[in-house]
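>>> the sequence and its predicted three-dimensional model are supplied below.
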Amino acid sequence: MEEDNKITDKKVIETEVTMGTVHSAAIEPYRVRLFVEDEIVRDAEITVGINHRGIERIMEGLPVEKANSLTEKICGICSNSHIWNSCLVAEKAIGIEVPERAQYIRVIMEELERLHSHMLYLAHGNEVLGHETFAMRLFYIRETVMELLRIIGGNRVQYGVSIIGGIRPRCELDEMRIQKIREGLNLIEEKITEFADRFVSDPMIMSRITGVGVLTQKQAIKLGATGPTLRSTGVGIDLRSEMESYAPFDFDIITQNDGDVKSNLLVRVLEIPEAIKIIRQALDNLPEGKITNRSWEMVDAPITKSYIEVPRGTLYHSYALEDGRVRNSIIRTPSIANIGAMQYATIGHHITDAQLAIVQCDPCFTCTDRAIQIIKI
Amino acid sequence: MSLKSYSRARAVHVMLVYTGGCNGCDIEIVNCIFSPKYDAEQYKVFLTWNPREADVLVVTGPVTKHNEKPLIEIYNAIPEPKAVIAAGACALMGGVYKNIHGDIPSEEIMGPVENIIPVDAKIPGCAVRPEDVLSGVVAALPLLLDAK
Amino acid sequence: MKDLIRIFLEGIITNTKRILFKSDRVTDMELRNKILEGKIVPTEKVAEVSCIGCGGCANVCPTNAIEMVELPEPIKLMEGLVKDKIPVLDSIKCVNCYYCHDFCPLYALFGEAGTIHPNDVGIIELEISKLLDEPVKISEDKLAFISQYLSDSTILKKRKE
Amino acid sequence: MTVINSIITVIGTLIVALLVSIWLPGIERKFIHARIQQRVGPPISSVGIMAPIKFFFKQTIIPNSPMPRLFNTLPIISLLSIIAIFLIIMPQLYIYTVLTSIIAVVGLLKVEEVIYVFMGSLSKSVMSLKMPFPDIVKGAKHYNIQRSFLEELSSLRAFRLIAFGSFPLYIALFVPVVMSKSIYIEGIVLYQQINGPILFTLAGVLGAIVFFIGYMILLNEYPFAILKTKADVIEGPLMEYAAKYRAYLYVTRGFLMFVLASVFTTLFLGIPPNLFSWNIFITIAVALIFPILMAIMSAFSPIFTYKQFYPTVAGFSIIGILAIIFTFI
Ligand code: SF4
Ligand code: SF4
Ligand code: SF4
Ligand code: SF4
Ligand code: SF4
Ligand code: SF4
Ligand code: SF4
């Protein structure tokens, strides 16, 4: 197979360079072993599991409401995504109808989260590139999104919006909040366009990111990549187009064709206006009515699954219900699907670029470390 | 004020160790340093990734099993005088992972941070607010100065 | 190439301005002053006016972060309901599990925003007396759920002792 | 000029140079980086002055190194070699003609570079392989393989920088030599006193540009900081230094900025550093302008890997060679 040519003979590899668990490029605890030959990476191994907190097990046996608010703590970037998806599981299992207004507000939260996640990604990418100035600018633009999230949820991270049957009443969007979101969106749109303009015409950055960390379409599919990482190779799969909650909205699926760092960055840059578009539509057509459906009875249910598209890929939650308690909880997060892609993307590059190639796949391992066996040190 | 304490107050190197929380606290702290809105450097606080350079260790997360030893090693690598700031509910209490429902003993979480290394200052929140982190770091300075 | 020159020239102008005149500075100076003066205050966690002082939140909190503090003067909310304590939340102990919010009767029974929240409780406008006058419709299993929570927490506490 | 007088001048100049140089990192950070990044930034004394003083008062630890003593002396050697460069270019020392040649400057700069190689190979930091983690397990992909510390990696890079990275700087140093046809600093200065500064010729301008790039590479500033990129080697060779040895590193860096700038004024403007001459202000001005330009460059460029590094270095080396050719026109 031609793609596999990238992985060279084991004999060539001279040394191993290990990074992590605490490292400046990673920030999060994970371990990267790079097998190098003259500073060129020939093979890579990413070890996760350092972050393992046993969330699925803590969820086991908890009443479903409590288990759901626990899922939020899986991750501080996708916190809305996790709680939303695990509420969806319960709603599907019990057959609860969610008021339309609540669905809209969930989508708004999700898209705001996408905005901040993508900007964080871009900022982190720039930081690893060594471009402190751009990283800082992106963090500043992101600050507007964080402020919006705080206005709605009362907290900048972990806002606890979704609850089974709708959203918590404190997160209701009143006129003032809607107004603020609109203003914030205008600001973000203006700033991000300006930034994107500047970014793509910088020759030094472009020379660093083009052709680095290339993932072919075939490999991406084979390695099970998901989300923007997959879309950057030209595969137009975005679960949002199939999700019921997104049915009322009109948006484009962004793809790029090269699968390198540049494509990855561009997919995120271009998804930002799409997310803004969705939020605007949602605000314009926000239906009136209740935000929580409180008339439902708890029933026992077999294992129920739910997939949603979160900023970094496809998120899967499933559990069964027994006496109102959670059983057999399983969560599969986008980052775990992308690890293969990360390892593959590093191959053939200089070590500094290899780190960039890992970062291009949006590594965030807090959610990844669940299903891994603990080894005693 | 002696030159010693004066110089210590004018340049504080902070190292961030992330021990397995949810990314929330972590990113908020990085935010304090990288977002020009908060700009930690104006309070003479500098980010470093090298324990030999650090004065203050900011720990987030509940300290998972695999992170216990690295954390201790890093703490030991910091030359005296040093201070430890635990940031976020996870670092203070083990977070929801350890203490929620209290009756599930956790084999995965070795925290809170206090159980592993001495903590000098605590910043509550989930996630911590950047302004709390900054005022926490600014308030921890006298502690640094008094040491030795 | 044309783009590049444009960006280069623009960059020179804006950045010279930035370097010489500190223009475009985005640091929050108000926040800076507050931090330097040590005036950063935590957000409100309890909406004291709307809280009915039932103590449910303190009971349900897994880390005992909530303490019910006596009010100097008890407030009579309605016939047979006097509010003499309000909760105070200790942020250092709180693990942000939202149990207190989700247990608060105003949320659990009436579906309104709960009057306690580990983060920012926000502005809560509730006519307590009106709300309490309303007949409460609540399903059996939800009641069971709430009561189970209460007892669960007591069991926990006993075990600790 | 009596001997006493000379000694006072030399020591005085040295002290003034040190005093000025400790402000340079702060100026770079506060006035350039922070303002470009639209924030307030640290007080200017923090980075260059207070940080070293603070480190001086920290507990001295034994570094993780096979040869801790040698490892800890390296920053001192590096500082001394830079002071030596500074002494060489001062007019009071021109009497020792053989020592005060360009060759000596080049040699001492090489010492500075070689020290990084040693630093890297002697450092065994906890941030690297020493990090406790059981990731070598049965069934791992590559089992018996030599494991390298991050610092070793940076020491390798330092070696490469010696081999090719500092080329531009040395080529630029030889522009004045060829022009004045003298390898002695005295000869170069004299030539410029008669014929005007070399900087104001075409070759001089090109040489100055190349010198500047060489200056950035030698100082390991972004984008040329491959030796200590945060993205992989964190701080590279400097990782294990703590307490007062780290303070020396901080001072050395500031002083190196000043010394390189005064090498520039000596060679390209014909103004050697001398405290008791008005020209000292030109030296100081150049010492300020260089870091400022460097800071602007570094604020807007990502870090280079070899892919960008080789062409940049090659390109500037060619310009340098062109400059040398132009000297004959
Ligand atoms: S280990 Fe992976 S495949 Fe297995 S249950 Fe967990 S997420 Fe699913
Ligand atoms: S992929 Fe996982 S760690 Fe990353 S942002 Fe989403 S939930 Fe968080
Ligand atoms: S793998 Fe899943 S079920 Fe097992 S301990 Fe971890 S979180 Fe719990
Ligand atoms: S092989 Fe055994 S230990 Fe591993 S996942 Fe399967 S059942 Fe668990
Ligand atoms: S305290 Fe909260 S936000 Fe911080 S790491 Fe823990 S769960 Fe995440
Ligand atoms: S959120 Fe905090 S105060 Fe409320 S119940 Fe949980 S731990 Fe207690
Ligand atoms: S549960 Fe709600 S109403 Fe009762 S004391 Fe707590 S905050 Fe007040």
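Sure, I can see it. Ligands and ions are numbered 1, 2, ... in the order given.

>>> how much space separates the closest residue to ligand 3 within chain C from residue B:61?
Closest to ligand 3 within chain C is residue C:97: 17.3 Å, counting by CB to the nearest ligand atom. Quick note: C-beta positions are derived from backbone N, CA and C, even for glycine. Between residue C:97 and residue B:61 the computed distance is 17 Å (CB to CB, to the nearest Å).

>>> neighbour-wise, which of these two wins?
Taking neighbours as other CB atoms under 10 Å in any protein chain shown, residue C:97 and residue B:61 compare with residue B:61 leading, 34 against 27.

>>> list the contacts of that one.
By CB atoms under 8 Å, 6 or more residues apart in numbering or on different chains, the contact list for residue B:61 reads B:18-22, B:25-26, B:67, B:88, B:90-91, B:95, B:111.

>>> cool, and residue B:112?
Taking CB under 8 Å, 6+ apart as the definition, contacts of residue B:112 comprise B:62-63, B:86, B:90-94, B:98.

>>> export those to CSV and tack on pLDDT and distance to ligand 5?
Output for the contacts of residue B:112, formatted as CSV (pLDDT from 0 to 100; distance: CB to the nearest ligand atom, whole Å):
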residue, pLDDT, distance to ligand 5
B:62, 89, 7
B:63, 89, 11
B:86, 91, 10
B:90, 89, 3
B:91, 90, 7
B:92, 89, 8
B:93, 85, 9
B:94, 84, 9
B:98, 78, 11
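
>>> pull the most distant pair out of those.
Within these, B:86 and B:98 form the most distant pair, 13.7 Å apart (CB to CB).

>>> okay, those two: which has more neighbours?
Neighbour count, other CB under 10 Å: between residue B:86 and residue B:98, residue B:86 has more, with 29 against 25.

>>> hang on, isn't the more buried one packed against residue B:118?
No: judged on CB atoms under 8 Å, residue B:86 makes no contact with residue B:118 at a distance of 10.1 Å.

>>> tabulate the CA atom coordinates of stretch D:32-46 in PDB.
The C-alpha trace of stretch D:32-46 is given here as PDB (Å, rounded to 0.1, in the frame of the first residue of the first chain):
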ATOM      1  CA  ILE D  32       8.000  46.000  22.000                       C
ATOM      2  CA  HIS D  33       6.500  42.600  22.700                       C
ATOM      3  CA  ALA D  34       3.900  43.800  25.100                       C
ATOM      4  CA  ARG D  35       2.800  46.700  23.000                       C
ATOM      5  CA  ILE D  36       2.600  44.800  19.800                       C
ATOM      6  CA  GLN D  37       0.600  42.200  21.700                       C
ATOM      7  CA  GLN D  38      -1.700  45.000  22.900                       C
ATOM      8  CA  ARG D  39      -1.100  44.600  26.600                       C
ATOM      9  CA  VAL D  40       0.600  46.300  29.500                       C
ATOM     10  CA  GLY D  41       3.500  44.100  30.000                       C
ATOM     11  CA  PRO D  42       6.000  43.700  32.900                       C
ATOM     12  CA  PRO D  43       7.900  46.500  34.400                       C
ATOM     13  CA  ILE D  44      11.100  47.000  32.500                       C
ATOM     14  CA  SER D  45      13.300  46.100  35.500                       C
ATOM     15  CA  SER D  46      11.600  42.700  36.000                       C
END
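
>>> next, give phi and psi for residue A:40.
phi -100, psi 130 (degrees, to the nearest 10).

>>> how much space between it and residue D:159?
16 Å.

>>> quick one, helices of chain C?
Secondary structure of chain C (DSSP state H): helices at C:2-21, C:29-36, C:56-60, C:99-103, C:105-108, C:128-133, C:140-160.

>>> turn the contacts of residue B:112 into TSV, including secondary structure.
Formatted as TSV, these follow (DSSP: H, G, I helix; E, B strand; the rest coil):
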residue	secondary structure
B:62	coil
B:63	coil
B:86	strand
B:90	helix
B:91	helix
B:92	helix
B:93	helix
B:94	coil
B:98	helix
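
>>> what's the closest of those to ligand 2?
residue B:90 (14.7 Å).

>>> isn't the closest one right up against residue B:100?
No: assessed by CB under 8 Å, residue B:90 is found out of contact with residue B:100, at 11.3 Å.

>>> between those two, what contacts are shared?
By CB under 8 Å, 6+ apart, the residues touching both residue B:90 and residue B:100 are residue C:95.

>>> residue contacts, residue C:24?
Per CB under 8 Å, 6+ apart, neighbours of residue C:24: C:14, C:17-18, D:38.

>>> can you redo the residues you listed as CSV with distance to residue A:315?
Output for those, formatted as CSV (distance: CB to CB, whole Å):
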residue, distance to residue A:315
C:14, 41
C:17, 45
C:18, 41
D:38, 35
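
>>> need the contact partners of whichever strand or helix holds residue B:67.
Assigned by DSSP states H and E, residue B:67 belongs to helix B:65-77. If you take CB under 8 Å, 6+ apart as the criterion, helix B:65-77 is touched by A:21-22, A:29, A:49-52, A:374, A:377, B:15, B:17, B:19-20, B:51-52, B:57, B:59, B:61, B:63, B:82, B:84, B:107-110, B:113, B:116-117, D:125-127, D:130-133.

>>> mind checking which of those land in strands?
Among these, the ones falling in strands (DSSP state E) are B:15, B:17, B:57, B:59, B:84.

>>> from the residues you listed, which is closest to residue D:20?
residue B:15 (30.8 Å).

>>> run through the bridge partners of the closest one.
residue B:48, residue B:57 (DSSP bridges).

>>> that one is in contact with residue B:45, isn't it?
No: if you go by CB under 8 Å, residue B:15 and residue B:45 don't touch, sitting 11.2 Å apart.

>>> more neighbours: which of these two?
More crowded of residue B:15 and residue B:45, by other CB under 10 Å: residue B:15, with 26 against 23.

>>> what distance do you get for that one to residue B:75?
Taking CB to CB, one finds residue B:15 at 10 Å from residue B:75.

>>> say whether chain D is contacted by stretch A:198-208.
Yes: Stretch A:198-208 is in contact with chain D by CB under 8 Å from any CB of the partner chain, via A:204-205, A:207-208.
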